[in-house]
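> Here is a sequence with its predicted model. Questions after.
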Amino acid sequence: MRYAIYVPNFGASLGDPSVLVSLAVAAESAGWDGFFLWDHVVRPDETVLADPWVTLGAVAARTSSIRLGPMVTSLGRRRPW
């Protein structure tokens, strides 16, 4: 069996990508198998929101064996142009 942690990426503390990176590094060193972020483009009444893809890129730079990914990504909400 594999175990993963998933966390929201908004709010006063979890909206900070550096906090999420530290959490992922700690999860990997504690033996967790995966680290996943919620994918929110807009959250009502929330001003602090970390982009999941940029944050996962930062997590990938600091970890080596843990699986990473977003929980659900709606391609219709993501418009790269």
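Right, received. Where do you want to start?

> Could you list the buried residues of the helix ranked longest in the chain?
Taking DSSP state H as the assignment, the helix of the chain that covers the most residues is helix 17-29. Residues of helix 17-29 classed as buried: 17, 19-21, 23-24, 27-28 (neighbour count, 16 or more other Cβ atoms under 10 Å). Where C-beta positions appear, they are placed from N, C-alpha and C, glycine not excepted.

> Can you tell me how far V48 is from V54?
Per Cβ to Cβ, to the nearest Å, V48 is found 14 Å from V54.

> Correction: the previous question concerned D16.
Distance from D16 to V54, by Cβ to Cβ: 12 Å.

> Those two: who's more crowded?
D16 (15 against 11; other Cβ atoms under 10 Å).

> What residues does that one make contact with?
48, 50 (Cβ atoms under 8 Å, 6 or more residues apart in numbering).

> again, only using 7 Å
A50 (Cβ atoms under 7 Å, 6 or more residues apart in numbering).

> For this structure, which segments count as helices?
All helices of the chain, identified by DSSP H, fall at 17-29, 52-62.

> Next, give phi and psi for the closest residue to D33 other than its chain neighbours.
Leaving aside its sequence neighbours, D33 sits nearest to R2 (Cβ to Cβ, 6 or more residues apart in numbering; 4.0 Å). Main-chain torsions, R2, degrees, to the nearest 10: phi -110, psi 150.

> got a list of contacts for stretch 5-12?
14-15, 20, 23, 27, 32, 35-38, 40, 43, 46, 48-50, 52, 55, 71.

> List only buried entries from those residues.
14-15, 20, 23, 27, 32, 35-38, 40, 49-50, 52, 55.

> Which pair of these spans the longest distance?
W32 and L49 (23.8 Å; Cβ to Cβ).

> Show residues contacting stretch 34-50.
Contacts of stretch 34-50 (Cβ under 7 Å, 6+ apart): 2, 4-12, 15-17, 20, 24, 27, 52, 55-56, 59, 66-73, 77.

> ok, how many other residues are close to S13?
For S13, using other Cβ under 10 Å, the count is 10.

> With R67 instead?
Neighbours around R67, by other Cβ under 10 Å: 13.

> Equivalent analysis for V7, please.
Count around V7 with other Cβ under 10 Å applied: 17.
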